[in-house]
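Visitor: Below are the sequence and a predicted model for it; my questions follow.
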Amino acid sequence: MPKMTYDAFFKALLKGDIPSAIYLHGAEDVLKEEAVSEIIARTLEPSLKDFNFDQRSAANLDPEAAETLCQSLPMMAERRVAIIRDVEAWNKRAKAKTTVLRYLERPAPETILILVQGSGEAEIDDDLAGRTVAVAAELLPEDRAKRWLLLHAERSGVVIEDRAAQHMVRATGGGLSALRSELEKLAGLAGEGPLTLERVSEFLGVRHGETAADWRDVVLGGDGGRAVGILPHLLAQPGVSGVSLVTLLGTSVVGLGLARSLYDRGTRGGALAGAIKQTLFRARPSTRMSYDEAAAEWSRLAPSWSPRRIELALASLRRADERCKSTTVSDEQAILFDLVMELTLPWQAAA
């Protein structure tokens, strides 16, 4: 059975092409919810939904119940929808899973069986993926997350300025669940006019230019003083830690390594940015970023980041990661201070 990106699957879904067996996996649970909602809306009449919709948790499903869930026929409708959530709870020998796998060898065309894996489990279940249309609901890059936010704001009757939306994505880390939650809170302010950058910054308690992504950009740009000044405010924000900042910065330094490698082979300008962007789409790194912005920024910085500088930066990042994982939270600021100085100070002097 085919594996599909979320975008390809959703385009097919909007055309009415809904397969009989679907396996939703990946890190972005909100996208899975939206896919399920769209399938239900396109398949079931609201008045008949109670007769043709079943939903169970894999952990609470015995073989007999699994058999009934899969084999039941629709009532007064062409198709029915059955959902099994948290399929990561099944091990290879789970009896209910064996029943479902047997059913998937010849799924009934009148039933749409949706298997949903939670975001906490990154590994794909090959048994399920091989018998279904497997759809990867991955984290959205920054620019896609911003478009998602603007679309849902419009649907909610909220007018939010573009720069304010960009700041929301950066301040929340770009997770759609967090964005949805903040948007619901901000909806109460919608009657007071458009949500500006200033109003959103005040509401979130995160000043513009002091998000984790802003800090990363400042470090890569070589402004050690600015990067150090941001740290106290940054580490005080919920969900921000030394490890998460090192990981964020590390992903970009690896990206700079790619950019520099292409640069040294003579790739320049738009061709360089295009090659980087293509690699990002193939690799789909877990760190959320705008692929267009990352490609442009890494292309711009490639001449100033020599292979030696990148090698030393990666070594510094490894040391910082190890120190952050073996120390107390109160020491994180000092560790990150050292990291910023190692990544910026020698090269400021060289410049």
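Guide: Nice, I can see it. Residues are numbered from 1 along each chain as shown.
Visitor: going forward, measure contacts and count neighbours with C-alpha atoms only.
Guide: Will do.
Visitor: Report the contact partners of E105.
Guide: If you count contacts by CA atoms under 8 Å, 6 or more residues apart in numbering, E105 has them with R131.
Visitor: Can you pull the phi/psi pair for it?
Guide: Main-chain dihedrals, E105, degrees, to the nearest 10: phi -60, psi -30.
Visitor: Just the pLDDT at the residue of the chain most remote from its centre, thanks.
Guide: Distance from the C-alpha centroid of the chain, by CA atoms, centre = their mean, peaks at M76 (39.2 Å). We have a pLDDT of 95 for M76.
Visitor: got it, and S326?
Guide: In this model, S326 carries a pLDDT of 88.
Visitor: Adjust the sequence numbering to begin at 829 for everything that follows.
Guide: Done: numbering now begins at 829, and the last item shifts to S1154.
Visitor: Tell me the backbone dihedrals of it, please.
Guide: Note on S1154: its backbone torsions stand at phi -130, psi 20 [degrees, to the nearest 10].
Visitor: returning to that earlier point: look at the nearest residue to the residue farthest from the centre of the chain once chain neighbours are set aside and say how many residues are nearby.
Guide: Leaving aside its chain neighbours, M904 sits nearest to L876 (7.7 Å; criterion: CA to CA, 6 or more residues apart in numbering). L876 is flanked by 14 other residues according to other CA atoms under 10 Å.
Visitor: again, but for L1017
Guide: If you count neighbours by other CA under 10 Å, L1017 ends up with 16.
Visitor: Doesn't it lie inside a helix?
Guide: Yes - L1017: assigned to a helix according to DSSP: H, G, I helix; E, B strand; the rest coil.
Visitor: show me the contacts for the closest residue to it other than its chain neighbours.
Guide: Closest residue to L1017 in three dimensions, ignoring its sequence neighbours and counting by CA to CA, 6+ apart: L1023, at 7.8 Å. Contact partners of L1023, counting by CA under 8 Å, 6+ apart, are V986, V987, I988, E989, A992, L1017.
Visitor: Any buried residues in stretch 1102-1119, and which?
Guide: Judged by neighbour count (16 or more other CA atoms under 10 Å), stretch 1102-1119 contains these buried residues: G1102, A1103, I1104, K1105, T1107, L1108, R1112, T1115, R1116, M1117, S1118, Y1119.
Visitor: which other residues reach stretch 1155-1172?
Guide: Here stretch 1155-1172 makes contact (CA under 8 Å, 6+ apart) with 1047-1048, 1050-1052, 1055-1056, 1059-1060, 1063, 1069-1070, 1141, 1144-1145, 1148, 1151-1152.
Visitor: If we use 7 Å, what do you get?
Guide: The contact list for stretch 1155-1172 (CA atoms under 7 Å, 6 or more residues apart in numbering) reads V1047, G1050, D1051, G1052, V1056, L1059, G1070, A1141, S1144, A1148, C1152.
Visitor: Out of those, which is nearest to T871?
Guide: Nearest to T871 out of the contacts of stretch 1155-1172 is G1070 (CA to CA; 46.4 Å).
Visitor: Give me the nearest residue to that closest one, chain neighbours excluded.
Guide: Leaving out its chain neighbours, the residue that sits closest to G1070 by CA to CA, 6+ apart is E1160, at 5.6 Å.
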